[in-house]
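**Q** Quick one, structure for this:
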Amino acid sequence: MRKIIFMGAIGCGKTTLCQAIQEEELRYHKTQAVSFYPDMIDTPGEFILHRQYYNALNVTAADARVIGLVQSVIEQEQIFSPGFASIFGKTVIGIVSKADLAKTQEEIERIKVHLLTAGAKKIYVLSSFDRLGIAELVSDLEEME
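**A** Below is the predicted model of the structure:
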């Protein structure tokens, strides 16, 4: 699998997604610092919510080949600024997380638009709890080798 860095707001599901990909028990764990896995990098949500940490994201992303912008369906506001992905110069994908919590398809579509506006080239709709979309994401990352 190609190394991916997950970026997103606090509580959007980055750590849970890492657990789901590794087929671990899903348990909440607040990420306080960057966590490195063999094929993944999990970043604290504070890095995306405070512009002064963008340099830390950029430096940490140097070890990744794919940028994964993660936004959950329960986040109403635009998390990533338009064109955010352009600072990385790498393949950027968007991940709509917590799809199992969407009340309507429109909630999912709204987040897709946010991620596309940020510069994501492909969007994945995932639920770590239902395992929705996890196999497709892993398969696509393996094909990017």
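**Q** those strands in the chain, which residues are they?
**A** With strands called from DSSP state E, the chain shows them at 4-8, 35-36, 40-42, 66-72, 91-97, 122-125.
**Q** With mean neighbour count added, can I get these in TSV?
**A** From N, CA and C alone the C-beta is placed, and that goes for glycine too. Formatted as TSV, those follow (neighbours: other CB atoms under 10 Å):
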stretch	mean neighbour count
strand 4-8	26
strand 35-36	14
strand 40-42	22
strand 66-72	25
strand 91-97	25
strand 122-125	19
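**Q** could you redo these as a markdown table and give each row distance to residue 109 and mean pLDDT?
**A** Shown next, in a markdown table, are the strands of the chain (distance: least, CB to CB, whole Å; pLDDT from 0 to 100):
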| stretch | distance to residue 109 | mean pLDDT |
| --- | --- | --- |
| strand 4-8 | 18 | 96 |
| strand 35-36 | 31 | 88 |
| strand 40-42 | 27 | 95 |
| strand 66-72 | 13 | 97 |
| strand 91-97 | 9 | 97 |
| strand 122-125 | 10 | 98 |
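**Q** Which one, of the ones you listed, ends up nearest to residue 20?
**A** Residue 20 lies closest to strand 91-97 among the strands of the chain, at 10.0 Å (CB to CB).
**Q** Low-confidence stretches in this protein?
**A** 1-2, 26-32, 145 (pLDDT under 70).
**Q** And the helices in it?
**A** Assigned by DSSP state H, the helices in the chain fall at 14-21, 46-49, 54-61, 105-118, 134-143.
**Q** In terms of secondary structure, what does the shortest one contact?
**A** Using 3 or more CB pairs under 8 Å, 6 or more residues apart in numbering; DSSP states H and E as the contact criterion, the secondary-structure elements in contact with helix 46-49 are strand 4-8, helix 54-61.
**Q** Which parts of that helix count as buried, going by neighbours?
**A** 47-48 (16 or more other CB atoms under 10 Å).
**Q** any idea how far residue 63 is from the closest residue in space to residue 98 that isn't next to it in sequence?
**A** Sequence neighbours aside, residue 72 is the residue nearest to residue 98 in space, at 4.1 Å (criterion: CB to CB, 6 or more residues apart in numbering). Between residue 72 and residue 63 the distance is 25 Å, computed by CB to CB, to the nearest Å.
**Q** go on, residue 52?
**A** Residue 52 sits 21 Å away from residue 63, going by CB to CB.
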